[in-house]
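A.B. asks: Okay, predicted coordinates and the sequence, questions at the end:
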Amino acid sequence: MAIVVITGTDTEVGKTMATAAVAAASLAQGLSVAVLKPAQTGVAEGEPGDAAEVARLAGAVTAVELARYPEPLAPATAAARAKIPAVGPADIAEAAAKLSAVHDVVLVEGAGGLLVRYDEKGATLADAAALIRARVLLVAQPGLGTLNATALTAEALGARGLSCAGVIFGSWRGEPDLAERCNVADVPEVAGAPLLGALPQGAGALSPAAFRAAAPEWLAPQLGGTWDGEAFAQVYAAPPFAP
């Protein structure tokens with residue numbers, strides 16, 4: 001996979017859990033993994049951030065933050081308010097390249113969605129992905145309202161010549177409602193990319209050992225896992241026509 005940029009359709013959709021799962025599955029294959037969080041917002045100095053949470057759950061990864069801002073805002077706004085230098089696409093690309101030189105897999109976890117601003121020039125995670133020439137993994141919530149956000153993100157990726165590696169549901173309930181069941185088929189269609197996994201709701205509450213053991217079961221083989229998308233759809237997907 002080399003360098004993979006992980007973004008979401010919105011904030012709080014499960015990006016960190018998805019990053020941890022991909023990291024754990026990669027480690028289980030014997031690969032070395034680095035996790036890069038370009039801008040951590042909403043976390044005070046000394047508190048563990050997203051990269052540290054990935055390391056806690058996944059295991060022996062190299063966890064790197066480039067900047068940390070205390071207020072839970074878009075990175076550009078948080079940087080300006082804190083009077084701390086912003087992180088731009090070139091900074092992200094340089095850090096990812098250095099990590100890639102000494103790791104098999106580098107996972108770059110964004111803040112919020114694809115077009116959240118990182119600096120005063122309005123640069124975004126998409127700009128960094130373009131510099132890195134990385135594939136983008138999209139994390140989406142499976143419920144009502146996700147189709148528009150997924151389609152918009154996919155369109156933004158395509159307009160920038162970026163490739164979407166696939167979609168992961170960041171939090172899948174054991175008893176999905178009708179919208180979630182329909183979205184098993186609809187989300188990959190509007191994304192123009194395959195569904196590559198579904199993390200169970202509450203995965204982050206598992207012990208690190210349990211998380212690492214289960215992570216490959218949540219991800220498709222393209223991400224180092226054993227999850228069977230066709231079998232998942234047979235169990236959960238709603239029929240295309242109402243009975």
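C.D. replies: Arrived safely, thanks for sending. Residues are numbered from 1 along each chain as shown.
A.B. asks: Count the residues that sit near residue 161.
C.D. replies: Burial of residue 161 is recorded as 10 neighbouring residues (other CB atoms under 10 Å). C-betas here are computed from N, CA, C, even on glycine.
A.B. asks: For the closest residue in space to it that isn't next to it in sequence, give its distance to residue 72.
C.D. replies: In space, residue 161 comes closest to residue 130 once its chain neighbours are excluded; the distance is 7.1 Å by CB to CB, 6 or more residues apart in numbering. Distance of residue 130 to residue 72, computed by CB to CB, to the nearest Å: 27 Å.
A.B. asks: Those two - which one has more neighbours?
C.D. replies: More crowded of residue 130 and residue 72, by other CB under 10 Å: residue 130, with 18 against 12.
A.B. asks: Check whether that one really touches residue 157, as I assumed.
C.D. replies: No. Residue 130 is beyond contact range of residue 157, at 9.9 Å (criterion: CB atoms under 8 Å).
A.B. asks: Tell me which stretches of this protein form helices.
C.D. replies: Counting by DSSP state H, the chain has helices at residues 15-28, 50-58, 75-82, 89-100, 125-132, 146-159, 178-191, 208-218, 229-236.
A.B. asks: what residues are up against the residue nearest to residue 161?
C.D. replies: If you count contacts by CB atoms under 8 Å, 6 or more residues apart in numbering, residue 130 has them with 89, 160, 161, 162.
A.B. asks: Likewise for residue 19?
C.D. replies: Contacts of residue 19 (CB under 8 Å, 6+ apart): 6, 35, 50, 54, 107, 109.
A.B. asks: Can you lay out the residues you listed as CSV showing neighbour count?
C.D. replies: What follows is the contacts of residue 19, written out as CSV (neighbours: other CB atoms under 10 Å):
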residue, neighbour count
6, 23
35, 29
50, 22
54, 27
107, 29
109, 28
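A.B. asks: and which of those is nearest to residue 120?
C.D. replies: residue 109 (22.2 Å; CB to CB).
A.B. asks: That closest one contacts residue 4, correct?
C.D. replies: No. Applying CB under 8 Å, one finds residue 109 not in contact with residue 4, separated by 9.7 Å.
A.B. asks: any idea how far stretch 223-241 is from the chain center?
C.D. replies: The chain centre lies 20 Å from the centre of stretch 223-241; the measure is CA atoms, centre = their mean, to the nearest Å.
A.B. asks: Kindly apply the preceding question to stretch 90-103 instead.
C.D. replies: Here stretch 90-103 is found 18 Å from its chain centre; the criterion is CA atoms, centre = their mean.
A.B. asks: contacting residues around the residue nearest to residue 196 when sequence neighbours are not counted?
C.D. replies: Spatial nearest neighbour of residue 196, chain neighbours left out: residue 166 (3.6 Å); criterion: CB to CB, 6+ apart. Residues near residue 166 by CB under 8 Å, 6+ apart: 137, 138, 188, 191, 193, 194, 195, 196, 197, 220, 222, 223.
A.B. asks: Which among the residues you listed count as buried?
C.D. replies: Neighbour counting over the contacts of residue 166 (16 or more other CB atoms under 10 Å) leaves 137, 138, 188, 191, 193, 195, 196, 197, 220, 223 as the buried ones.
A.B. asks: Any chance of TSV for these, columns pLDDT and distance to residue 239?
C.D. replies: Putting the buried ones among the contacts of residue 166 into TSV (pLDDT from 0 to 100; distance: CB to CB, whole Å) gives the following:
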residue	pLDDT	distance to residue 239
137	97	29
138	98	26
188	97	17
191	97	21
193	97	23
195	98	17
196	98	23
197	97	23
220	98	23
223	96	28
